[in-house]
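[1] Fold the following, please.
(one chain, ligands or ions: 1)
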Amino acid sequence: MAILRWGMVGGGEGAFIGDVHRMAARLDGGYQLVAGCFSSSPEKTNLSAKALGVEVDRAYSDFNTMAEVESQREDGIQVVSIVTPNFLHYDNVKAFLDRRIAVICEKPLTVSLLQAQELQTLAKKQNTFLAVTYNYVENPMVKVARELVKKGELGELLMVDAYYLQDWLALDIESTGQKQAAWRTDPAKTGRAGCLGDIGIHAYNLLSYLIGYSASRVNASLTSFVAGRRVDDHADIQLGYKDNILQGRILASQVMTGHENDLGFRLTGRKATLEWRQETPNELWFKPLGAPAQRMTRNGAGYPESLNAVCYVPAGHPEGYLEAFANVYQNIRMALLEKELSYYPNIDQAVKDMEFVEACLQSNDQGH
Ligand SMILES: NC(=O)c1ccc[n+]([C@@H]2O[C@H](COP(=O)([O-])OP(=O)(O)OC[C@H]3O[C@@H](n4cnc5c(N)ncnc54)[C@H](O)[C@@H]3O)[C@@H](O)[C@H]2O)c1
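    So this is what the prediction gives:
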């Protein structure tokens, strides 16, 4: 297997998602981490580099130097992952695209639609790969659902909804110095959208992937339930689609007591309903009108052979978040090796997701 020389910006000790990216890349087996700027603190970057086996001369104190030096090396990185807080994504991504280094960026791509559109233009101008890690669409049973919708097994779609419910921000933990909460509730670092941009965007991306198109209208109600919080922590959004028949809804909350990472969807057509939850990701419920519900399982009876490549172990052995993330890395590696720029979720979808965020903010500003 060809191994890609890989770099990372962010993801130092104590960070959340950088570690998940490294586990995903290890599961895939096609990446070697050889360079990084893991923190805004050079000392912390050096400590992380040591722990991760990155040579000291490729542990960079800032991401611009990393992009410049790596682009000059014969054995420089072929791809970089951006796993920093949202407000840094634009500058981080631009530094590497400017030097024609392929980029894998965390969601949301940027803190504004304008920035996302600029990166879209730049990636095209540079003819350089830019992907955004919407990991949930890489769950095998989500892919089965997508196939059933495409084949028309649900009939004409009537109601679709996706939700992402958490409770970790139910209290004012940002005031206690909790690092991930602190930047996520600071509009200068997270953007104008709080919960909406953090997890609502995952639910919306998932829904768009499943039905194959984006909404054309939104009616959004954004709330901050925790006193003094400067961004929304709860988002309730109605979606309208171009056919004027299909009705959609996104419910995202970080203050919904009793919910951890409760992401899921329900798609209802004239013939059947499909239901899936990421906390039980190996099963998908198909509920046909007038017939018993069927529990479909990953790699189980009736599972399509064409989707075997996105499974790691046989049916009944649970797979989930990390394996789906590894599928993101697998797809990106194959796209890069085949010099294929049309990987999904690509920059075009990420810009549509930012259009959704911007439309929700505007709708809420106008009082719906
Ligand atoms: N796809 C998912 O499921 C998922 C889950 C969690 C987070 N995320 C996204 O990942 C990103 C990071 O989130 P997190 O929870 O890991 O945050 P975090 O605060 O845990 O980690 C951020 C990291 O960036 C580093 N950093 C900050 N400034 C830097 C700079 N100038 N140069 C280099 N490194 C710098 C920090 O030191 C830290 O290591 C966010 O955009 C978030 O939305 C995605």
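
[2] who's in contact with the most centrally placed residue in the chain?
    Taking Cα atoms, centre = their mean as the criterion, residue 134 is the residue nearest the geometric centre of the chain, at 2.5 Å. Going by Cβ atoms under 8 Å, 6 or more residues apart in numbering, residue 134 touches 107, 202, 205, 206, 209, 328, 345, 349. To be clear about C-beta, it is placed using only N, CA and C from the backbone, and glycine gets the same treatment.

[3] and the chain, which residues reach the ligand?
    9-12, 15-18, 37-40, 63, 83-86, 88, 106-107, 133, 135, 179-180, 183, 198 (Cβ under 6 Å from any ligand atom).

[4] Specify the local secondary structure of the closest residue to residue 270 other than its chain neighbours.
    Spatially, and ignoring its direct neighbours in sequence, residue 270 is nearest to residue 155 (3.7 Å; Cβ to Cβ, 6 or more residues apart in numbering). Secondary structure for residue 155, judged by DSSP: H, G, I helix; E, B strand; the rest coil, is coil.

[5] can you count the residues close to residue 155?
    13 (other Cβ atoms under 10 Å).

[6] just to revisit the earlier point, mind checking which of the residues of the chain next to the ligand land in helices?
    Here DSSP state H is the test, and those give 17, 18, 63, 179, 180, 183 as lying in helices.

[7] hey, C-alpha coordinates of stretch 299-318 in PDB?
    This file holds the C-alpha atoms of stretch 299-318, laid out as PDB (Å, rounded to 0.1, in the frame of the first residue of the first chain):
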ATOM      1  CA  ASN A 299     -22.900  -6.800   7.100                       C
ATOM      2  CA  GLY A 300     -26.000  -8.800   8.100                       C
ATOM      3  CA  ALA A 301     -28.600 -10.500   5.800                       C
ATOM      4  CA  GLY A 302     -29.400  -8.400   2.800                       C
ATOM      5  CA  TYR A 303     -26.400  -6.000   3.400                       C
ATOM      6  CA  PRO A 304     -25.100  -5.000  -0.100                       C
ATOM      7  CA  GLU A 305     -21.800  -6.500  -1.100                       C
ATOM      8  CA  SER A 306     -20.900  -3.200  -2.800                       C
ATOM      9  CA  LEU A 307     -20.600  -1.700   0.700                       C
ATOM     10  CA  ASN A 308     -18.300  -4.400   2.200                       C
ATOM     11  CA  ALA A 309     -15.200  -2.100   1.800                       C
ATOM     12  CA  VAL A 310     -16.600   0.200   4.500                       C
ATOM     13  CA  CYS A 311     -16.800  -2.500   7.100                       C
ATOM     14  CA  TYR A 312     -13.900  -3.800   9.200                       C
ATOM     15  CA  VAL A 313     -15.300  -6.800  11.100                       C
ATOM     16  CA  PRO A 314     -18.200  -9.300  10.600                       C
ATOM     17  CA  ALA A 315     -21.800  -8.500  11.500                       C
ATOM     18  CA  GLY A 316     -22.600  -8.400  15.200                       C
ATOM     19  CA  HIS A 317     -19.200  -7.000  16.300                       C
ATOM     20  CA  PRO A 318     -20.000  -3.300  16.900                       C
END
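
[8] What residues of it count as buried?
    Going by neighbour count (16 or more other Cβ atoms under 10 Å), the buried part of stretch 299-318 is 299, 303, 307, 310, 311.

[9] do stretch 278-291 as well
    278, 281, 282, 284, 285, 286.

[10] any idea how far residue 69 is from the nearest residue to the first one once chain neighbours are set aside?
    Using Cβ to Cβ, 6+ apart and skipping residues adjacent in sequence, the residue nearest residue 278 is residue 263, 4.3 Å away. Between residue 263 and residue 69 the computed distance is 39 Å (Cβ to Cβ, to the nearest Å).

[11] Among the two, which residue is more densely surrounded?
    Set residue 263 next to residue 69 and count neighbours by other Cβ under 10 Å: residue 263 wins out with 24 against 16.

[12] what's the longest helix in this structure?
    Longest helix in the chain, counting by DSSP H: helix 347-365.

[13] ok now do the residue lying closest to residue 139 once chain neighbours are set aside, which residues does it touch?
    Spatially, and ignoring its direct neighbours in sequence, residue 139 is nearest to residue 324 (4.6 Å; Cβ to Cβ, 6+ apart). When the contact criterion is Cβ under 8 Å, 6+ apart, the partners of residue 324 are 135, 136, 138, 139, 281.

[14] Adding secondary structure and neighbour count, write the contacts of residue 134 out as TSV.
    Formatted as TSV, these follow (DSSP: H, G, I helix; E, B strand; the rest coil; neighbours: other Cβ atoms under 10 Å):
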residue	secondary structure	neighbour count
107	coil	22
202	helix	24
205	helix	24
206	helix	26
209	helix	23
328	helix	24
345	coil	23
349	helix	19
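
[15] just curious, which of those is nearest to the ligand?
    Distance to the ligand across the contacts of residue 134 (Cβ to the nearest ligand atom) is lowest for residue 107, with 5.6 Å.
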